[in-house]
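Asker: Please find the sequence and the predicted model below.
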Amino acid sequence: MTTATVAPALRYRFYRARVLAARRIGASLIRVTFGGEELADFAGGGRDQSVSLFLPHPGQPEPVLPLDAGEDWYAHWRAADPAVRAVMRSYTISGQRPERSEVDIDFVHHGETGPASRWAGRARPGDRVVLLGPAVADNRSVCFRPPPGTEHVLLAADETALPAAAGILAWLPAGTTVRAWLEVPSAADIRELPTRASAELRWLVRGSTPPGGGPLVEAVRAARLPAGIPYAWIAGESATVRAVRRHLVAERGLDRRRVTFAGYWRRGVSEEELRDASAGAG
């Protein structure tokens, strides 16, 4: 008797796409809409669904990426010349319209100081990119997962995690009790975040305070939290995220298993340096 071997389901894949439009969202974010036939199969799970986005260097017509290398793509990409290989950055999907084969990604714009910010500021319809994203909706790149028994949700985010926080608020069921602290550079970044949840949002305008400087930590420290069993989700600058988590677990007594935290960036360190440090630690 012959036993058939079934290949494991593909959980992630590359999606080639083009820019359809770019527009400002508040003072600090640029929303870029991507389209392409392949995005009809993009299986985003909502909430804080993240993807790897590959961008071309200035002068390149499209990102240089070993799309045919299979599971070894990362090793091939890493071995390539950094001045030639695609720029890789992690982002949250801020909108998805599968019936139109479209997704949105919000970029924090800080001028010409980084390749992704520079690219987003110059993005024009037709510009080519590649996304590495989910082929199934239930994937490990969705981190917001309240455990059973959760009675209320705590969210803490800076502007880099604002798209994820917005996605979480849009996903939460009606009546969910939510307390959220959202730190942004400017009052012009404050906007309505649609949700069916019973949400209390506190916007923290950082102004001239350097990013990662502490307003988010101070606000959570000073807050009176709802009664009941919480689930906390914290994302943004790494040191700030660790400080908020430490406060909630060590000082407030939250079960660490009910706290999800993610350092989206680290003050004074590029994403390339963070990735190299992580690879070295492994």
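Answerer: Arrived safely, thanks for sending.

Asker: Wait, E200 touches W181, no?
Answerer: No. Using C-beta atoms under 8 Å as the test, E200 is too far from W181 to be in contact (9.8 Å). C-beta: built from backbone N, CA, C; applies to glycine.

Asker: if you count what's nearby, which of the two comes out ahead?
Answerer: Between E200 and W181, counted using other C-beta atoms under 10 Å, the more crowded position is W181 (24 against 12).

Asker: Give me the neighbour count for the closest residue to A83 other than its chain neighbours.
Answerer: Nearest residue to A83, sequence neighbours excluded (C-beta to C-beta, 6 or more residues apart in numbering): H57, at 7.0 Å. Residues lying near H57 (other C-beta under 10 Å) number 15.

Asker: OK, contacts around H57?
Answerer: A83, V84, V87, P115 (C-beta atoms under 8 Å, 6 or more residues apart in numbering).

Asker: Can you classify it as helix, strand or coil?
Answerer: On the three-state scheme (DSSP: H, G, I helix; E, B strand; the rest coil), H57 is labelled coil.

Asker: Next secondary structure after the helix or strand harbouring A239?
Answerer: Applying DSSP states H and E as the criterion places A239 in helix 238-246. From helix 238-246 onward toward the C-terminus, using DSSP H and E, the following helix or strand is strand 259-265.

Asker: mind listing the helices for the protein?
Answerer: 73-79, 115-122, 162-171, 215-222, 238-246, 271-281 (DSSP state H).

Asker: Packing partners of the fourth one?
Answerer: With contacts defined as 3 or more C-beta pairs under 8 Å, 6 or more residues apart in numbering; DSSP states H and E, the secondary structure elements packing on helix 215-222 are strand 152-157, strand 177-184, strand 198-205, helix 238-246.

Asker: hey, which of the ones you listed is tucked in deepest?
Answerer: strand 152-157 (a mean of 24; mean count of other C-beta atoms under 10 Å).

Asker: thinking again about what came up before, what does the helix holding A239 rub up against?
Answerer: 156, 158, 212, 214, 216-217, 220, 232, 234-235, 259, 261-267.

Asker: Just the buried subset of these, please.
Answerer: Listed as buried from the contacts of helix 238-246 are 156, 158, 212, 216-217, 220, 232, 234-235, 259, 261-266; burial here means 16 or more other C-beta atoms under 10 Å.

Asker: what residue ranges in the stretch 151-282 of the chain score low on pLDDT?
Answerer: The stretch 151-282 of the chain contains residues with pLDDT under 70 at 213, 268-282.

Asker: same thing but at 50, please
Answerer: Along the stretch 151-282 of the chain, segments meeting pLDDT under 50 span 281-282.

Asker: Wait, E112 touches G121, no?
Answerer: Yes. Counting by C-beta under 8 Å, E112 touches G121, with 7.5 Å between them.
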